[in-house]
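J.: structure, please.
(2 chains)
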Amino acid sequence: MPEGIWKWAQLKGLTVVGTGDFTHPAWFRELTEKLEPTGNGLFQLKRAHRPDEGVPASCKAEVFFLLSVEISCIYRKNGRTRKVHCLIFVPDLASAARLNLALSRIGNIVSDGRPILGLDARELLKITLDASPDALFIPAHAWTPHFSVFGAASGFDSMEECFEDLTTSIYAIETGLSSDPSMNWRLSALDRISLISNSDAHSPAKMAREANLFGTDIAYQAIVGAIKTRNDFLGTVEFFPEEGKYHYDGHRQCNVSCSPRETMGHHYCCPACGKRMTIGVAHRVELLSDRDQGFRPGAALPFRSAIPLAEILAEVGGVGAASKVVQEAYMRLLTVLGNELAILLEMPLADIERAASPLAAEAIGRMRRGEVHIRPGYDGEYGRIKIFEDGERAEIGGQGRLL
Amino acid sequence: MVDVTDGLNASQRRAVVATEGHLLVAAGPGTGKTMTIVRRCALLLGQGFGPEEILAVTFTNRAAREMRERMRAFLGPEAARLFVGTLHLLGLKIMRAAGETVGLCTRDEQVRLLRSVTASSRAALQLAERISRVKNLVEVPDPETTRLLETYRGLLRAQGLYDFDDLIAVPTRMLEAGRVPAAYAGRFKHIIVDEYQDISPVQQKLLGQLVSKGARICAVGDSDQAIYAFRGADVRNFLCFATDFPGAATVALTENYRSTGMIVRAACSVVRNNRQRLEKELYAVREEGTPITVCSVPDERAEAETVVREIEARMGPSSHFMLDRAKAAVDFSDRSSSFADFAVLYRTNGQARVFKEAFMERGIPFQAVGGKGPSRRKALIEELRGQLDTMPDRQDMDAFWRGLREKGSFPDEEWGLLHNLALAYQDLSPRDALGEVINELTLFTTADDFDARAEAVALMTLHAAKGLEFKCVFVAGVEEGLIPFTSGPEGTDMEEERRLFFVGMTRARDELFLLHARRRFLFGRQASGLPSPFLAEIPRQLVRQVSVADAIKKKGGTQMGLFS
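T.: Numbering: from 1, shown residues only, chains lettered A, B, ... in the order given. Below you'll find the predicted structure:
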């Protein structure tokens, strides 16, 4: 429901959020009923639909919606199966409607879940620009193995192989959870491409795991312009890439996780069962890069790595992130301090210590300094983050108290 | 100049070079008959025949398009001057050359005309079919039909119209009476007819007329693939070719390049049981391949789910959701498949629905060929047309659409489409917007298939699959009652049904699945649930027998996959 996105956007500290799924007839109808255009390519939730409760005063803010959809293209090109997810932004309902009409001639966009088209991603780009020249087309989570433009299992080795003559209409890629900008800087082919970071609108509580920071007006053209030119595009908030589900290589059925080097040693086969391993993002970057680790292009934007607050609280309390204790602590902290991104990135640690505990403040401090231990994710398994060594918790600030 | 027999096998070469007399080319499935026809044309041109002296007849417009492309690829621009097309197109051209202005009466218009002389739409449809059989010389009309036929002719004439069958019957009569337009008198020296086994007696007569003016005829076809008896085609035309055209030679193309050895042998062992056929033994040039899968499933829902699962296993995961499920371990994709590599074939269009639902549910792109379009969309268009004239200049369009919706006369699934149309044209004046919406809706209704750029699993009847090939084919409903089909109005022609099954099997290049359900409702009745008797004709060593157990009623439970 748009109401859920509206609520969580405020808790998280997001000003502009994607609607997701505007190709889906029922969702699109709900959007047109509950949202109203703000006249600058964005939308707001109509007052009548804004719930009274659920957002503490400390987090209350204006939220704007941007029409977006992610489409899965599954097709054969140059003799191989390709599966490429693509993200599309459009500036108005008429553009969305025109794209929906064009796509309903291509295939079934009615079924629930992400629409799957047996369509070449280049053709989808063409159809998108025909429907709306102001649309922005972005290869989604560009490195994940199964469904992305550079993915190991069914992607391409270059943007040009995928988009051919239309490659120049690609202005940005999503780095995805398992890669961060510094990994992407190793490809000179991406120097002209903006690296953006979004996260899922399907489960509102998971929004803002990654985000983009803009210094522009709050308007469609201004935001799209900033993505295209990198003017007033201030940078991104990232997952630690190791925490992503596909950072390393591996074979989940056998609990086998490998670094790119180890995988090569095993000739790409699972050392336990011999089946082919799922090749992760770090490996693909290694294969396709033409620069050493640590290279930073001149035009690169800054980024900051963060861990979702619920996970930090879980670490602090030594409990599960989905537990009731954590949920309550999360809401109490937001009520006192403000939205999640502010807490994670900006708030003085002393304030956090006062509102929560010395342990929580120390955890966020370590996260900001990148002093965390992560067992990398692989083959669909999230990475495991550890901020504290065993015994450290007691040393810093008492046992198991969250707040 | 390239040697036109380059790269041909011995029998293909014989079929290409035998240009002195009439020739029957008995070409099994996947034996390269289109290439053989193209090369024969090239040879004729090389022998000095003009392109306009060669007539290449195809069975469908689609086949004509493909043939023209193949000709252009091999012959270059000269190919455009050959006549490549259906007999109906030829008939139309002859009639036009004779000075007729031909307005064509579509099937819908035909039924509408006949409605005025019959008691019901159903009777009008039946009469249209009877008239078609009479015009194709398949049926001798009774006095009542003769009378109605005269009335119908009068109605057509009054509007200056001809129906589809007239495009053959009228030119045939013209040629018989010696009234040949100058442009066609003795024009064709060589006539090549593809799919000869499927021509009707009147088409055969037209060809006979053309040949009697001094042409050589080369008939290409396969007695084992004659599947249009219900349209008046007669496999005997094929079998009697040597009698109809004395002195004709026969060449058989028997090397199959399309399918694996297992598939070819299985298909042949079925069709061999027919008596009305030209004896020939097809053999595979390709490797043996894997056995055919004969799969017994509980019901048609499970049948569709089985097909979905097999496709998913070959395409690899199609979503992160699927990856996360344990079953996603079943991935033996060759990482080179496309959804367009798969086809689901069935005997009756009624079987399509459950497959469409299963594909929708799993988000697999599909393309259903033929069958009835959304008839309720037509009703929607009619309703909107009715409103167009009275649409006020200042209509609040939101209220207009809302009003239509509240009336509830249209299905919910149409509203998604209408909603998008309404938004796409919201900037136009109310009347213009409505006009555009009607145009677009009409386009959606008449377009016979999806955008050609889309790759999708093909859903079609066995009849519609003729001439096509796929890497992996699922034949659904291989059961008593469906294959062979025993509920038709004309009784069951076992040999024709066996040929149809043969056509279905031979569409597969690498993999073939034959599925039969243990429970199925057919025309509102519980069917026998027995496998097709044709399955028993396939040698056991070519078959891998699989059975999907009845689902244990468990919420959210999934059945075992064939390979899990």
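
J.: please pull out the lowest mean pLDDT helix or strand from chain B.
T.: helix B:320-324 (a mean of 69; mean pLDDT, DSSP states H and E).

J.: tell me the helix or strand right after that helix.
T.: Taking DSSP states H and E as the definition, the helix or strand that follows helix B:320-324 towards the C-terminus is strand B:342-346.

J.: by contact count, what packs against that next one?
T.: Here strand B:342-346 is seen to pack against helix B:300-315, helix B:352-362, strand B:457-461, strand B:470-475 when contacts are counted using 3 or more C-beta pairs under 8 Å, 6 or more residues apart in numbering or on different chains; DSSP states H and E. C-beta coordinates here come from the backbone N, C-alpha and C atoms, glycine included.

J.: just the mean pLDDT for it, thanks.
T.: In this model, strand B:342-346 has a mean pLDDT of 97.

J.: swap in stretch B:473-481?
T.: Rounded to a whole number, the mean pLDDT of stretch B:473-481 is 96.

J.: can you tell me the closest non-neighbouring residue to the residue of chain B found nearest chain A?
T.: Here the residue of chain B nearest chain A is residue B:416; by C-beta to the nearest C-beta that distance is 2.8 Å. Spatial nearest neighbour of residue B:416, excluding adjacent residues (C-beta to C-beta, 6 or more residues apart in numbering or on different chains): residue A:25 at 2.8 Å.

J.: same deal with residue B:510?
T.: residue B:471 (5.1 Å).

J.: isn't the residue nearest to residue B:416 right up against residue B:419?
T.: Yes: counting by C-beta atoms under 8 Å, residue A:25 does reach residue B:419; the two are 6.8 Å apart.

J.: residue ranges in chain B under the pLDDT threshold?
T.: B:1-2, B:321-332, B:371-376, B:409-413, B:443-452, B:552-564 (pLDDT under 70).

J.: how is it divided into domains?
T.: B:10-96+B:171-253, B:102-159, B:283-370+B:453-547, B:375-446 (automatic domain parsing).

J.: can you give me the offset of the longest one from its chain's centre?
T.: Pointing back at domain B:283-370+B:453-547 there. On the basis of C-alpha atoms, centre = their mean, to the nearest Å, domain B:283-370+B:453-547 is displaced by 16 Å from the centre of the chain it belongs to.

J.: and the end-to-end length of that domain?
T.: When the termini of domain B:283-370+B:453-547 are compared using C-alpha to C-alpha, to the nearest Å, they are 30 Å apart.

J.: the first one too?
T.: Between the start and the finish of domain B:10-96+B:171-253 there is a gap of 9 Å, counting by C-alpha to C-alpha.

J.: nearest to residue A:177, out of the helices and strands packed on strand B:342-346?
T.: When those are ranked by proximity to residue A:177, the top entry is helix B:300-315, at 24.6 Å, counting by C-beta to C-beta.

J.: now the closest one: buried residues?
T.: Neighbour-count burial for helix B:300-315, counted by 16 or more other C-beta atoms under 10 Å in any protein chain shown, picks out B:300, B:302-315.

J.: what about chain A: which of those residues touch it?
T.: residue B:315 (C-beta under 8 Å from any C-beta of the partner chain).

J.: list the contacts for residue B:210?
T.: Residue B:210 sits next to B:55, B:175, B:188, B:191 when contact means C-beta atoms under 8 Å, 6 or more residues apart in numbering or on different chains.

J.: near chain B, which residues of the stretch 101-250 of chain A?
T.: A:101, A:104-108, A:110-111, A:113-120, A:123, A:146-147, A:153-154.

J.: go again using 6 Å as the cut-off
T.: Within the stretch 101-250 of chain A, the positions adjacent to chain B are A:101, A:105, A:106, A:107, A:108, A:111, A:113, A:116, A:118, A:119, A:123, A:146 by C-beta under 6 Å from any C-beta of the partner chain.

J.: which ones among those residues lie within helices?
T.: When DSSP state H is applied, those are split such that A:101, A:105, A:106, A:123 fall in helices.

J.: what does the pLDDT read for the second one?
T.: Going back to what we said before, that points to residue A:105. Residue A:105 is assigned a predicted lDDT (pLDDT) of 81.

J.: okay, now it: neighbour count?
T.: The number of residues packed near residue A:105 is 15, by other C-beta atoms under 10 Å in any protein chain shown.

J.: can you check the last one too?
T.: Residue neighbour count, defined by other C-beta under 10 Å, stands at 17 for residue A:123.

J.: residues contacting stretch A:183-192, please?
T.: Contacts to stretch A:183-192, defined as C-beta atoms under 6 Å, 6 or more residues apart in numbering or on different chains, come from residues A:175, A:195, A:285, A:289, A:290, A:291, A:295, A:296, A:297, A:300.

J.: would you map the strands across the stretch 1-150 of chain A?
T.: Secondary structure of the stretch 1-150 of chain A (DSSP state E, counting those that start in this stretch): strands at A:16-18, A:35-37, A:43-45, A:64-77, A:80-90, A:116-117, A:136-139.

J.: pick the most deeply packed of those strands.
T.: Comparing the strands of the stretch 1-150 of chain A by mean neighbour count (mean count of other C-beta atoms under 10 Å in any protein chain shown), strand A:116-117 comes out on top with a mean of 26.

J.: show me what it pairs with in its sheet, parallel or antiparallel.
T.: Each strand paired with strand A:116-117, and its direction, by DSSP bridges: strand A:64-77 (parallel).

J.: next one: residue A:244 from residue A:183, what distance?
T.: Relative to residue A:183, residue A:244 is positioned 11 Å away (criterion: C-beta to C-beta, to the nearest Å).

J.: these two: which has the busier surroundings?
T.: Of the pair residue A:244 and residue A:183, residue A:244 is the one with more neighbours under other C-beta under 10 Å, namely 30 against 21.

J.: circling back to that earlier point, please pick the buried ones from the contacts of stretch A:183-192.
T.: The neighbour-count test (16+ other C-beta under 10 Å) marks A:175, A:195, A:285, A:289, A:300 as buried among those.

J.: separation between the second one and residue B:383?
T.: According to C-beta to C-beta, residue A:195 and residue B:383 sit 51 Å apart.

J.: residue 99: neighbouring residues, count only.
T.: Picked chain A for this. 28.

J.: wait, chain B was what I had in mind.
T.: 7.

J.: list the contacts for it?
T.: So, once contact is read as C-beta under 6 Å, 6+ apart, residue B:99 ends up touching nothing.

J.: that one: what secondary structure?
T.: Each residue gets one of three states, and residue B:99 gets coil by DSSP: H, G, I helix; E, B strand; the rest coil.

J.: what separation do you get for it and residue B:172?
T.: Residue B:99 is 17 Å from residue B:172, where distance means C-beta to C-beta.
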